[in-house]
Structure formats: structure tokens, C-alpha cells
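Task: produce atomic coordinates for the following.
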Amino acid sequence: MIKFTRILIVAASASALAACGGIDIGSRERPDEFAVQRQAPLVIPPDFDLVPPAPGAPRPSEGTASEQALEALFGGPAQRSAVENSTISQAGTAVPGIRSSVGDAETFTVDKGTEVRAIIAAPEGDGQSARSVIPS
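Alright, predicted model coming up:
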């Protein structure tokens, strides 16, 4: 039995030593330290004479929040094209409170049909029972 154990230990050692044959410590992939380049230092420009803002003063390049919103919605003071001017003149004038009355819950502006009304009137769920079916 001792002879069998020795043979088993020698076979296991030979197998473990053969598995280490593919490792070569000298040929590891390393970064090339000679490929590193020096960067130019940061330099403050000679005409760097900014004045700090006064405390509580608005920024000079920005306006108020309402001015920014109007600029984002309607753009700047660009000239309208001939087609846009023609369309506006043919449309006429709108009632001043039209957006408030269109957004009213009692106002029905477009009849979308019973299916759309059923979808809109459906109670909001938690999303757990939502399913999508692709017809084949």
C-alpha cells in the first residue's frame, strides 16, 4: 500500500509540475514606461483679467427665468418668413383665454372614439399586470 501511495504522489506532482510549464514570468504584458510623454504645463493667459461678480447681482449673459423660458419656447427676434406671415394672417386672431379653455377637463376638442376614451378613463395601475401581445 505504501508503494501505491508513493506512485500516486509522484504522479500528482508530475501532473502539477506539467501544468506550470505554460507560465513564463519574464514575458508578462506590462505598460511600456518609455512610451510616456511629458505634457506641457498649464499656463495662465496674460490677458486673464476677469472681474468677479457683485454679490447678489444677476449674471450678465443670462436673464431672468421667465426670459429664458420665452427664449427657449419662441426663439429670438428672428424675422418671420412670407409663408409664416401669410398663415398667421389667414388664421385670424385667437380668443385670449383659449389655452385655458382647451385645457379644461370639461372641454372635448377632438372626438377620438370609444377605444381612446376607454384607455384614458382606465384607472392607473401599478404596472405589474401590464402585458404586450404581438399578433402572429
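
Could you name the helices and strands sitting against the longest helix along the chain?
In the chain, taking DSSP state H as the definition, the longest helix is helix 2-19. Packed against helix 2-19 by the contact rule (3 or more Cβ pairs under 8 Å, 6 or more residues apart in numbering; DSSP states H and E) you find no helix or strand. Where you see a C-beta, it was placed from the backbone N, CA and C, and this is true even at glycine.

what element comes up after it heading to the C-terminus?
The helix or strand immediately downstream of helix 2-19 is helix 65-74, counting by DSSP states H and E.

Report the mean per-residue pLDDT for that following helix.
Mean pLDDT, helix 65-74: 78.

returning to what we had before: need the mean per-residue confidence for the longest helix of the chain.
Helix 2-19 shows a mean pLDDT of 85.

so how far is it off the chain centroid?
60 Å (Cα atoms, centre = their mean, to the nearest Å).

Against A12, how distant is K3?
Using Cβ to Cβ, to the nearest Å, K3 is found at 15 Å from A12.

Then V116?
From V116 across to A12, the span is 75 Å (Cβ to Cβ).

before we move on, the earlier item: what comes up buried for the longest helix of the chain?
Of all the residues in helix 2-19, not one is buried under the rule 16 or more other Cβ atoms under 10 Å.

For it, list the C-alpha coordinates in CSV.
Only the C-alpha atoms of helix 2-19 are listed here, as CSV (Å, rounded to 0.1, in the frame of the first residue of the first chain):
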residue,chain,number,x,y,z
ILE,A,2,2.9,2.4,0.7
LYS,A,3,4.2,1.7,-2.8
PHE,A,4,0.9,2.7,-4.3
THR,A,5,0.7,5.9,-2.3
ARG,A,6,4.2,6.9,-3.4
ILE,A,7,3.3,6.3,-7.0
LEU,A,8,0.2,8.4,-6.6
ILE,A,9,2.1,11.2,-5.0
VAL,A,10,4.8,11.2,-7.8
ALA,A,11,2.1,11.2,-10.5
ALA,A,12,0.2,14.1,-8.9
SER,A,13,3.4,16.1,-8.5
ALA,A,14,4.4,15.4,-12.1
SER,A,15,0.9,16.5,-13.3
ALA,A,16,1.1,19.7,-11.2
LEU,A,17,4.5,20.5,-12.5
ALA,A,18,3.5,20.0,-16.1
ALA,A,19,0.6,22.4,-15.6
